[in-house]
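>>> no sequence for this one, just the structure:
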């Protein structure tokens, strides 16, 4: 057996309210790079399911920027470290350089792909200039008294750079080596959030929380004119130039993206997000990039919700919206058709998405979602069921991709959900609640232990308990009657799964060990699946019931053989910060996993025997 990565259904860019998010595209306009969780994702613009993930950072990442050559990416994190690595395979690190003692907010490359300026929030200094290949100092960033939000470098000689800050000022640097030359004060009346040189080097622009767009001479840094007064009604977070230097695009908290004619100082086109004029915080636009090297004039903007919006001039609506999660995925489920073509994911912030495994595209489920962490999924007969820390059971109509009816309020926090024969079983802190058509139909109190996991198949319901036992119940109408109990585990059960035909039951525990039982008697089929070093979070059987896949907090995914219990294959470090869900997809031969890096990954498994 072997397991190899086939596809990464990438996380969305991480965003923060009131803060710009940096996006970057390569020189050909083919790929986009951005930060999410502790990873950097490099994603094809035309085929968003074609993606690479760089996992070299050990703390939350904040920014990633392509070099002008397109071969390298420089990325920063909240610890003040900058890493330079190859953009093609996203594995080979060229160098790691400590820059400041706090968050890196922005990075800029010079036109030769040799020098980098990184800026952010440090204690001793707010930025530094280094060479990309060795990290040697090539100047200093000075003149600011508060955190620097953005930096830009002129792409031709004479070299110039600009930095903008919460101190409401723009500092102009001459290089190389870069050193302070001049400062523009009194123009902006609020935090300055973004800055960019035009590709021809003649013009510099700054934008800020005061809604002001200020232009400067690109060689001298002298202010020339301000444009667009009164156009944006919210903070402007980002700005990006068109390749011909005659236009640029701005992104604002007023939920709009605007394209500007620089010479005339007029708006050429406005896109508004969030519908009919109401205030919608998730639709605030916090990042924008105008990819050069493309003939279609594409602009990509970023909503606070993490959506990437593909915009084309002349088109009043986005031509595509790429959606996903930008918080840890805490639950994964598979569609009820049994073919494994659809996946359901829920994240730490309550967002629920459906994924088409073939196209690799995700869509947010319409309607009122969970307000807190999603913990478990189950599905049957065209419906998906999710439970979360908001103590609710929610029902998704799979064909309409929308939450159906009212959410069901649970008595206590749910530990898991299972579904079979149109009944939904929810494990709570006190027992099991049975629902039929969204209505409570029966309860079973478990006095001597707390349920920790649940699974169902036909009339059978398996429950994992805090006293390390696996208990099997049989449904008699809406009543559950206990039939068997197994007490092989030394620690509490954390995950359960029936095989497709119901003949086998797999139980994983908090120590990382998995037991496979014969369902009829709860007799052990194998107890040799024990390679995980952390809590097992999810188990799934293949269609034939010959192999199982598991994921755990140790970040690893394992595929196990029932016939050869010692024969296993592993995907190490499948997801940073833990694997929270696994499933067989596309009829078997492929495995999906999701986890703490907010991404979904599709793995090819070969040699199943």
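Done, it's in. What you see is a predicted model, and the numbers here were worked out from it, not measured in a lab.

>>> Give me the pLDDT value at residue 514.
Here the pLDDT value assigned to residue 514 is 97.

>>> burial count for the residue lying closest to it once chain neighbours are set aside?
Among residues not flanking residue 514 along the chain, residue 529 sits closest, at 3.9 Å (CB to CB, 6 or more residues apart in numbering). For every residue, glycine as well, the C-beta is placed using N, CA and C. Residues lying near residue 529 (other CB atoms under 10 Å) number 24.

>>> measure residue 22 to residue 120 for me?
The gap separating residue 22 from residue 120 is 11 Å, by CB to CB, to the nearest Å.

>>> residue ranges of the helices in the stretch 301-450 of the chain, please?
Counting by DSSP state H, counting those that start in this stretch, the stretch 301-450 of the chain forms no helices at all.

>>> picking up where we left off before, find residues that contact each of residue 22 and residue 120.
62, 105-106 (CB atoms under 8 Å, 6 or more residues apart in numbering).

>>> Of those residues, which belong to helices?
Among the shared contacts of residue 22 and residue 120, no residue falls in helices (DSSP state H).

>>> Show me just the buried residues among these.
Among these, the ones that count as buried by 16 or more other CB atoms under 10 Å are 62, 105-106.

>>> Could you verify my assumption that residue 304 touches residue 13?
No: using CB atoms under 8 Å, residue 304 is not in contact with residue 13, being 10.3 Å away.

>>> Apart from its chain neighbours, what residue comes closest to residue 34?
Nearest to residue 34 is residue 13, by CB to CB, 6+ apart, at 4.0 Å.

>>> try residue 244
Nearest non-adjacent residue to residue 244 (CB to CB, 6+ apart): residue 199, at 7.6 Å.

>>> List the contacts of residue 512.
Residue 512 is in contact with 530-536, 552, 554, counting by CB under 8 Å, 6+ apart.

>>> Can you say which of those residues are buried?
Counted by 16+ other CB under 10 Å, those give 530-532, 534-536, 552, 554 as buried.

>>> ok, residue 406 to residue 375 distance?
Distance, residue 406 to residue 375, by CB to CB: 20 Å.

>>> Which one's more surrounded, the two?
Comparing residue 406 with residue 375 by other CB under 10 Å, the one with more neighbours is residue 375, at 19 against 11.

>>> follow-up on the earlier one: tell me the one of the contacts of residue 512 nearest residue 600?
residue 552 (17.0 Å; CB to CB).

>>> doesn't residue 534 make contact with that closest one?
Yes: between residue 552 and residue 534 there is a contact at 4.7 Å, judged by CB under 8 Å.

>>> Identify the contacts common to the two.
What both residue 552 and residue 534 touch, as defined by CB under 8 Å, 6+ apart, is the set 512, 578.

>>> circling back to that earlier point, quick check: which element contains the residue nearest to residue 34?
Secondary structure assignment for residue 13, by DSSP states H and E: no helix or strand.

>>> can you pull out the helices in this structure?
With DSSP H, there are no helices along the chain.

>>> any idea how far residue 10 lies from residue 346?
Separation of residue 10 from residue 346 (CB to CB) stands at 17 Å.

>>> what about residue 7, how many neighbours?
Based on other CB under 10 Å, the number of other residues close to residue 7 is 18.

>>> and if you look at the one 4 residues further on?
Counted with other CB under 10 Å, residues neighbouring residue 11 total 28.

>>> Nearest spatial neighbour of it, chain-adjacent residues omitted?
residue 598 (3.5 Å).

>>> contacting residues for that neighbour?
Neighbours of residue 598 in contact, by CB under 8 Å, 6+ apart: 11-12, 36-37, 324-329, 347.

>>> Repeat that for residue 147.
102, 105, 120-121, 126, 165-166.

>>> from those residues, which single one is nearest residue 333?
Using CB to CB, the contacts of residue 147 come closest to residue 333 at residue 105, 37.0 Å.

>>> And the pLDDT for the closest one?
Looking at residue 105, its pLDDT stands at 98.

>>> Distance check, it against residue 171.
15 Å.

>>> For the stretch 501-609 of the chain, give me the ranges with low pLDDT.
Low-confidence segments of the stretch 501-609 of the chain, defined by pLDDT under 70: 609.

>>> the strands in it, which residues?
Applying DSSP state E, counting those that start in this stretch to the stretch 501-609 of the chain gives strands spanning 504-509, 514-518, 523-529, 536-541, 547-552, 557-561, 568-571, 579-585, 590-595, 600-606.
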